[in-house]
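Participant: Curious how this folds, go ahead:
(one chain, ligands or ions: 1)
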Amino acid sequence: MTTEHALSFNNVDKTFGKNAALTGCTTHVNVGTITGLIGANGAGKSTLMSVAAGLTRPDGGSVTVLGQTPSQRNIPHGVSYLAQHKPLYRSFTVAEMLKFGAETNTSWDNDYATEIATSTKLSLGTKIKNLSPGQRTIVAIALVLGRKPQFLMLDEPMADLDPLARRTVAQILMADVAERGTTVLLSSHVLSEISDLADEMILLGTGSVHLQGPIEDVLHDHFVLTGQGDPHTVVGSATLVETRGSSHMRTHLFRGPAPHIATSDWAVAPVTLDDVVLGYLRTEDVPR
Ligand SMILES: Nc1ncnc2c1ncn2[C@@H]1O[C@H](COP(=O)(O)OP(=O)(O)OP(=O)(O)O)[C@@H](O)[C@H]1O
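Facilitator: Residues are numbered from 1 along each chain as shown. Purely as a prediction, here's the structure:
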């Protein structure tokens, strides 16, 4: 762990019965970044966040969050975590929920939380149970940001939001990062959301990390090669991640420096985030 890391996992394991959720998971989140946590259903994203928040105890390995070891007795100061199910009291009004936030947090910014909660024009007098799932998400985000966290973890925060509300939440998060220097770890299945919002990414595949780094570097470090025959004859030192297509025309995803190709038998193209993520998720046999 260095002070540049808001979160640091070293060889972390977590098993639920026979289900291995995290297996030798080693990763970190750099301070001051918005990091996108990507992975297939069941890859371990929620478990990683729950362990980092101190709500789930790992079986092995070490976890450091804002310089502290999280546990149920020691939820690290400065951490806010919004779980996927967005816990709120259904019988409370929005105003009562915000009051609850004020009463249970020593560092609470009521004006800021109220501004976020009302950013999509919902009324403070409405009961939580009468809000739509998307409106509940906005209130939940107001509650986690009202605590003025140093490190914010959001588990699929955009899943219920309409396109306009998504944009509102994205702007709220980017403003928070710019003005308060908050570090954000955000999981999503929508890759366009990750490329719009995040500077860095962690790609989790069944419990351990396939790939991690600044998104720009990840894209720069991969290329797609299309053609027939053995691609290794033209790629140099790059590592094959995945191959698709028929024997007539194959598309190969490679990690490493893109080659200069002097023959019309092969074509090299830059990748999108979709190419990289889908390529890794489609194959079990990936370079780690
Ligand atoms: N409380 C639990 N009891 C039993 N198994 C669990 C529990 N929580 C998680 N798991 C298992 O651990 C694995 C990882 O689950 P997790 O919810 O962390 O994945 P995820 O990447 O967040 O998935 P999704 O994208 O579907 O939300 C899965 O196999 C899941 O079934």
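
Participant: Give me the three-state assignment for the spatially most central residue of the chain.
Facilitator: Closest residue to the average C-alpha location of the chain: L37 at 2.3 Å, with CA atoms, centre = their mean. Using DSSP: H, G, I helix; E, B strand; the rest coil, the structure places L37 in strand.

Participant: T243 too?
Facilitator: strand.

Participant: before we move on, the earlier item: surely the residue nearest to the centre of the chain touches E193?
Facilitator: No - the criterion here is CB atoms under 8 Å, and L37 misses it with E193 at 11.7 Å. Just so you know, the C-beta spots here come from the backbone N, C-alpha and C atoms, and that holds for glycine as well.

Participant: List the residue ranges of this structure that fall below the pLDDT cut-off.
Facilitator: Residue ranges of the chain with pLDDT under 70: 1-3, 284-288.

Participant: That one against the ligand: which residues are in contact?
Facilitator: Counting by CB under 6 Å from any ligand atom, the chain comes close to the ligand at 16-17, 19, 21, 39, 41-47.

Participant: and which of the residues you listed is nearest E103?
Facilitator: S46 (27.8 Å; CB to CB).

Participant: just to revisit the earlier point, what is the closest residue to the residue nearest to the centre of the chain other than its chain neighbours paired to in the beta sheet?
Facilitator: The shortest distance from L37 to any non-neighbouring residue, by CB to CB, 6 or more residues apart in numbering, is to S187 (4.1 Å). In this structure, S187 bridges to L37, D155 when assessed by DSSP bridges.

Participant: how much space between S187 and Q171?
Facilitator: 19 Å (CB to CB, to the nearest Å).

Participant: before we move on, what about A142?
Facilitator: 14 Å.

Participant: Among these two, which residue is more densely surrounded?
Facilitator: A142 (22 against 12; other CB atoms under 10 Å).

Participant: give me every residue that touches the more buried one.
Facilitator: 98, 101, 113-114, 116-117 (CB atoms under 8 Å, 6 or more residues apart in numbering).

Participant: Those residues in helices, which ones?
Facilitator: 98, 101, 113-114, 116-117 (DSSP state H).

Participant: And for the residue nearest to N11 when sequence neighbours are not counted, the neighbour number?
Facilitator: Spatial nearest neighbour of N11, excluding adjacent residues (CB to CB, 6+ apart): G61 at 4.1 Å. By the measure other CB under 10 Å, the count of residues near G61 is 17.

Participant: swap in R244?
Facilitator: 15.

Participant: so what's it bridging to?
Facilitator: T251.

Participant: Surely it touches R250?
Facilitator: Yes - R244 is in contact with R250 according to CB under 8 Å; the separation is 6.9 Å.

Participant: in what helix or strand does the residue in the stretch 51-200 of the chain that the ligand sits nearest to lie?
Facilitator: Nearest residue of the stretch 51-200 of the chain to the ligand: Q84, at 6.1 Å (CB to the nearest ligand atom). In the assignment (DSSP states H and E), Q84 maps to no helix and no strand.

Participant: Just confirm it contacts S46, I think it does.
Facilitator: Yes - here Q84 reaches S46: they are 5.8 Å apart, a contact under CB under 8 Å.

Participant: Find residues that contact each of the two.
Facilitator: Residues touching both Q84 and S46 (CB under 8 Å, 6+ apart) are D155.

Participant: Mind checking which of the two has more residues around it?
Facilitator: S46 (19 against 15).

Participant: Enumerate every residue touching that one.
Facilitator: With CB under 8 Å, 6+ apart, S46 has these contacts: 83-84, 155, 187.

Participant: which one of these has the most neighbours?
Facilitator: S187 (25 neighbours).

Participant: what's the burial count for E179?
Facilitator: Residues near E179, counting by other CB under 10 Å: 9.

Participant: ditto for the one 3 residues further on
Facilitator: Counted by other CB under 10 Å, the residues lying close to T182 total 22.

Participant: Let me see the ranges of the strands in the chain.
Facilitator: Taking DSSP state E to define them, one finds strands in the chain at 5-16, 19-30, 34-39, 60-65, 79-82, 151-155, 183-187, 200-205, 208-214, 222-227, 239-245, 250-255, 266-270.

Participant: Tell me the strands beside the fifth one, with direction?
Facilitator: This points to strand 79-82. Here, using DSSP bridges, strand 79-82 pairs with strand 151-155 (parallel).
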